[in-house]
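In: Give me a model of this one.
(chains A and B)
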Number of protein chains: 2
Amino acid sequence: MLVYDFNHKNDQKLYEYLYECLKKDILSGRIPTRTRLPSKRQMAKDNGISITTVINAYDQLLMEGYILSKEKKGYFVADVKAMEEYRPKPLEFTKIYHEENWFVDFTANNTVYNKFPFSTWKKVIREVLAEYEMELIMRGNFLGEEELRSEIAEYLYRSRGINVSPECIVIGAGIEYLYSRLIKILPSHAVYAVENPGYKKIPRIYEENGLQWRWVEMDENGINMDSLKQSHASVIHVSPEHHYPLGTVMTAIRRQEVLEWVSERPDRYIIEDDYDCEFRYRTKSIPALKGLDRNHRVIYMNTFNKTLAPAIRISYMILPEKLMEKYIQTSNFFSNTVSSLEQYALAKFIQKGYFERHLNRIKKYYRTEGERLLRLIKQSRVLPVVSATGTENGTHLLIKLDTSLTDIEIKWAARNQGINISCLSEFCGEIRPEYQHILVINYSDLDENTLREAVRRLSNIFIQW
Amino acid sequence: MLVYDFNHKNDQKLYEYLYECLKKDILSGRIPTRTRLPSKRQMAKDNGISITTVINAYDQLLMEGYILSKEKKGYFVADVKAMEEYRPKPLEFTKIYHEENWFVDFTANNTVYNKFPFSTWKKVIREVLAEYEMELIMRGNFLGEEELRSEIAEYLYRSRGINVSPECIVIGAGIEYLYSRLIKILPSHAVYAVENPGYKKIPRIYEENGLQWRWVEMDENGINMDSLKQSHASVIHVSPEHHYPLGTVMTAIRRQEVLEWVSERPDRYIIEDDYDCEFRYRTKSIPALKGLDRNHRVIYMNTFNKTLAPAIRISYMILPEKLMEKYIQTSNFFSNTVSSLEQYALAKFIQKGYFERHLNRIKKYYRTEGERLLRLIKQSRVLPVVSATGTENGTHLLIKLDTSLTDIEIKWAARNQGINISCLSEFCGEIRPEYQHILVINYSDLDENTLREAVRRLSNIFIQW
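Out: Residues are numbered from 1 along each chain as shown, chains lettered A, B, ... in the order given. Predicted coordinates:
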């Protein structure tokens, strides 16, 4: 007879307590394997509880495999040998991941946080919360909400001379994510061209996905056409508006050449990464390649990470018709990765003109910031500056130094000063004399005193040596 | 002499107008290739404008490649041959993507929208907007915000007997996204086991990524161990708590066998997809495999799509230590895909007990809904029901029918009635007599009248034939 003391059950339900008691006894061997349990009626009677309580407890044990049910014979204890209750301790690898603490991090391509229009953004979110309801929770369009795609299409027409239907636009949580989807719909035999020097995340994505890729040289007009042709690449990733980190603007003639190249074979594509197009200070933006894309071979990508904020994870790409059809076939079983709330908020933010107003403000800010940093660098009597460029557009400077230190020595000496800095050589496929001793300085959000101190610390490197 | 009429410039800036005029003349050939442009001073004088205006216009032309600058010689028109202004028309593939309009869609694994706690969710978002500021825009932790990971860890401990540190948890915008990252850190030679029948998205992800995978049979206790061993798979994807679509709960003994299997070789892993664990109506939840994972080989995945709302794109996975180290190495250059605002909102929503309160409400709802649907189906005098199961847990029923129609005929007949329905055979690797004629009915959010009409329409299929 199995009788348990139900006074010990605390705030558990009766059936849970009975289940726990039986499980404990089964695991400890007090009720041995293959024992027949009392019938439900008997168990209820013995313990002064209802049959329903016993049924629920037996069901749970049955479900978890502690007991077996044999038709017309009753319930038997299963062979649970070493199934003692075991709860692994939480892993104690506290802080595998350290974020380093820098005095200034010149490698971070951050946005200027203190210019973010908090009250407007919050107001827009509150408006969306008030105006929308089911749209905020129901599965949305897997390509992105139509409201946002329409606003982006109109914005691109106004600002970049790109005339596309909202239906060509795909919204996603970050360029990396969109890229991971894009490579699935490009020809599987594609060979990718990566600008040398260039943005290192791109070849990393190709490597990770087992794709073939080649370095292709840059010249002063953009990607070098001879090098491109020699590479036998079929898909090129370019930033014609502002190459990172060289700052090169692809000339109109080179744009034409690249568009001619892509039209020569049906499996060629251009990925136009327009990450920085909004930050042009002295002159108008140059029309995007996508705006000249007669043959429907340009994939255009951009993001609101930098123009709005990195924590608002919204990026987008424009796909040519054929690729869009393929995207829909291969991706319609995926949900969109961006929350609907923020898609509607951003749509409203653009539609009301807040986005472009914000852009104008931060453009002015970056322009001043870049010029200030350049002035401070030029004023340093110690930094062996040969040339300094980058205030025309974008948010980074290139500072060429005359020094016998290697780039690695410069980086380590800067690190000792609490400064994280990149050298142009890090963006190259192989070592090149012309790309040595050039600092790549991303600036944003630093006040004059901090910048002054950062320049002083950088200068220290060259005093000590 | 080049003189332009600045009265036509409308609201353009002076330099933009001059740039447009010159560009037009260059493209039309009015100013031929290799022509030397007037000096800046001359141009300014001829047109009665400032030198700065000319500088800006020339700079823009230079940048776009329409003119070239030769040192000490001046500016020359470039060879721009066919570079006429060309704006491609927007693609007119209106509505490539059609969402079908169903009277009832029994294939959609939706959540119950009308039970969503809008006012609480909106209140929480407003609180986050009021309390947080920089955290909402700065680049967040690439693994997910600590607040949310902590709340998830505590919730898992309370509800699933899983005792892990928040540092093992990775937040991402949807299970598909997390899966795409996970397969990059699992052994590259891994062979994946997919339950047969099973959730078809999983092998689709393997296929898309060129991974090897095998079907493995199911039996009444869970994944079949003999079939698993014969498959030579090294990574298994299982839903021990509630197999989809069979509804099988993996028994305690099978759990033990699976954990033994995984410990036999260092490259074996279990992916525990706990998608449905919250919806258990009659009995307690069974402890997750992850809760018994002594050898650190279980990857646990879950999502808030169903328990909260699909438009709030938050899912998570728990990684064992070794995989976490690899994840950090390979993914720290990616940003997290979930917006910070919604991460903080969800953390607060769980922390204040709103999440579990909501869960209890929708559990009650689903339980009633499932029982109601089952009753309506059983009441139908026309539907040739052999057996009907699924009201113990989850949000779908399995209805076995006695019919001479094929599954494809059933589906098409249902489609003609405006009803989208799946058959179990669709989830199988190959045709099996025992999995024929079984409807998989996902229910949610349908009122009694709609359900009654849907059952009536389903019945029609069997009257007509």
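
In: Look through the stretch 251-400 of chain A and state the residue closest to chain B.
Out: residue A:251 (2.9 Å; C-beta to the nearest C-beta). (Each C-beta comes from the backbone N, C-alpha and C, glycine too.)

In: and that residue, what does it touch?
Out: A:221, A:222, B:63, B:64, B:65, B:78 (C-beta atoms under 8 Å, 6 or more residues apart in numbering or on different chains).

In: quick check, nearest of those to residue A:278?
Out: Comparing the contacts of residue A:251 against residue A:278 with C-beta to C-beta picks out residue B:63 as the nearest, at 15.8 Å.

In: Can you report how many residues lie near that closest one?
Out: 21 (other C-beta atoms under 10 Å in any protein chain shown).

In: residues contacting it?
Out: Shown here is residue B:63, whose contacts under the criterion C-beta under 8 Å, 6+ apart are A:249, A:251, A:283, A:286.

In: Hmm, which of those residues is lowest in pLDDT?
Out: The lowest pLDDT within the contacts of residue B:63 belongs to residue A:283, with 70.

In: can I assume that residue is in contact with residue B:60?
Out: Yes. When contacts are counted by C-beta atoms under 8 Å, residue A:283 is listed as touching residue B:60 (4.2 Å).

In: What pairs with whichever helix or strand residue A:213 is part of, parallel or antiparallel?
Out: For residue A:213, the host element (DSSP states H and E) is strand A:212-219. Strand A:212-219 pairs in its sheet with strand A:191-196 (parallel), strand A:222-223 (antiparallel), by DSSP bridges.

In: per-residue pLDDT, residue A:463?
Out: 81.

In: And it, which helix or strand is it part of?
Out: Going by DSSP H and E, residue A:463 is part of helix A:448-464.

In: tell me which residues in that helix are buried?
Out: A:451, A:452, A:453, A:454, A:455, A:457, A:458, A:459, A:460, A:461, A:462 (16 or more other C-beta atoms under 10 Å in any protein chain shown).

In: near chain B, from those?
Out: Taking C-beta under 8 Å from any C-beta of the partner chain as the test, chain B is in contact with none of the buried residues of helix A:448-464.

In: and of those, the nearest to residue A:443?
Out: The nearest one, if we look at those relative to residue A:443 and count by C-beta to C-beta, is residue A:451, at 7.6 Å.

In: so how far is chain B from the closest one?
Out: 19 Å (C-beta to the nearest C-beta, to the nearest Å).

In: hang on, isn't that residue packed against residue A:376?
Out: Yes. Residue A:451 is within contact range of residue A:376, at 5.7 Å (criterion: C-beta under 8 Å).

In: Point out the residues in the stretch 151-300 of chain A that sit beside chain B.
Out: Going by C-beta under 8 Å from any C-beta, the residues of the stretch 151-300 of chain A near chain B are A:153, A:161, A:163-165, A:167-168, A:173-174, A:176-177, A:180, A:184, A:201, A:204, A:208, A:210, A:221, A:249, A:251-256, A:282-284, A:286, A:291-294, A:296.

In: Strands along the stretch 201-350 of chain A, start to end?
Out: For the stretch 201-350 of chain A, applying DSSP state E, counting those that start in this stretch gives strands covering A:212-219, A:222-223, A:235-238, A:269-273, A:298-303, A:315-318.

In: okay if I get the ones you listed as JSON lines plus mean pLDDT, mean neighbour count and distance to residue B:231?
Out: What follows is the strands of the stretch 201-350 of chain A, written out as JSON lines (pLDDT from 0 to 100; neighbours: other C-beta atoms under 10 Å in any protein chain shown; distance: least, C-beta to C-beta, whole Å):
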{"stretch": "strand A:212-219", "mean pLDDT": "95", "mean neighbour count": "18", "distance to residue B:231": "31"}
{"stretch": "strand A:222-223", "mean pLDDT": "95", "mean neighbour count": "26", "distance to residue B:231": "47"}
{"stretch": "strand A:235-238", "mean pLDDT": "97", "mean neighbour count": "24", "distance to residue B:231": "37"}
{"stretch": "strand A:269-273", "mean pLDDT": "97", "mean neighbour count": "25", "distance to residue B:231": "38"}
{"stretch": "strand A:298-303", "mean pLDDT": "96", "mean neighbour count": "25", "distance to residue B:231": "39"}
{"stretch": "strand A:315-318", "mean pLDDT": "97", "mean neighbour count": "24", "distance to residue B:231": "38"}
